[in-house]
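Chemist: missing the sequence, but the structure's below:
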């Protein structure tokens with residue numbers, strides 16, 4: 001990991017979580033002109049580690065808000081590790097794939113994260129719609 005442009009971008013999202021990362025950083029680290037593709041591909045690569053990568057799409061912004069994260073705008077992304085939350089948990093963030101998710105604590109077991117599509121209509125969050 002880390003030897004290819006995609007590997008370096010994956011490592012960036014893996015290690016710099018809960019902070020916005022802008023397009024220029026992705027371009028520099030990934031050494032490719034298509035930063036959005038590197039970020040989209042990182043979503044696929046990191047999902048098994050419970051890491052989701054959120055962009056500027058409206059559902060992604062709602063997920064970020066529901067998890068108490070900075071809101072990505074066009075040209076920026078943010079990653080975080082998530083874990084399932086119980087239905088009555090006070091820190092549940094969003095409902096996807098039939099279960100509630102919350103930000104993972106370092107002590108939480110690593111479980112594969114949900115697939116976060118670009119757009120969908122059934123997203124539920126504990127945060128009010130923006």
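Modeler: Arrived safely, thanks for sending. Note that the structure is a prediction, hence the values are computed from the model and not measured.
Chemist: Helix, strand or coil: sort out residue 17 for me.
Modeler: coil (DSSP: H, G, I helix; E, B strand; the rest coil).
Chemist: From residue 54, how far out is it?
Modeler: 11 Å (C-beta to C-beta, to the nearest Å). All C-beta spots, glycine's among them, are computed from the backbone N, C-alpha and C.
Chemist: Between the two, point out the one with more neighbours.
Modeler: residue 54 (25 against 19; other C-beta atoms under 10 Å).
Chemist: List the beta-bridge partners for the more buried one.
Modeler: residue 78 (DSSP bridges).
Chemist: okay, it: pLDDT?
Modeler: Listed pLDDT for residue 54 reads 97.
Chemist: Look up how far residue 93 lies from residue 80.
Modeler: 9 Å.
Chemist: joint contacts of those two?
Modeler: 67, 103 (C-beta atoms under 8 Å, 6 or more residues apart in numbering).
Chemist: picking that back up, any common contacting residues for residue 17 and residue 54?
Modeler: Common neighbours of residue 17 and residue 54 (C-beta under 8 Å, 6+ apart) are 78-80.
Chemist: buried stuff in the helix or strand residue 64 falls within?
Modeler: Residue 64 is located in helix 58-66, with elements delineated by DSSP states H and E. Judged by neighbour count (16 or more other C-beta atoms under 10 Å), helix 58-66 contains these buried residues: 59-66.
Chemist: residues contacting residue 60?
Modeler: Contacts of residue 60 by C-beta under 8 Å, 6+ apart are 54, 72, 116.
Chemist: Going by distance to residue 36, which of the residues you listed wins?
Modeler: If you rank those by distance to residue 36 using C-beta to C-beta, residue 72 comes first, at 11.8 Å.
Chemist: Quick check: closest non-adjacent residue to residue 117.
Modeler: In this structure, residue 117 finds its nearest non-sequential neighbour in residue 59, 7.4 Å apart by C-beta to C-beta, 6 or more residues apart in numbering.
Chemist: Report pLDDT for that neighbour.
Modeler: pLDDT, read off for residue 59, is 90.
Chemist: if we can go back for a sec, is it possible to get TSV of the buried residues of helix 58-66 that adds distance to residue 26?
Modeler: Shown next, in TSV, are the buried residues of helix 58-66 (distance: C-beta to C-beta, whole Å):
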residue	distance to residue 26
59	20
60	15
61	18
62	22
63	19
64	17
65	22
66	24
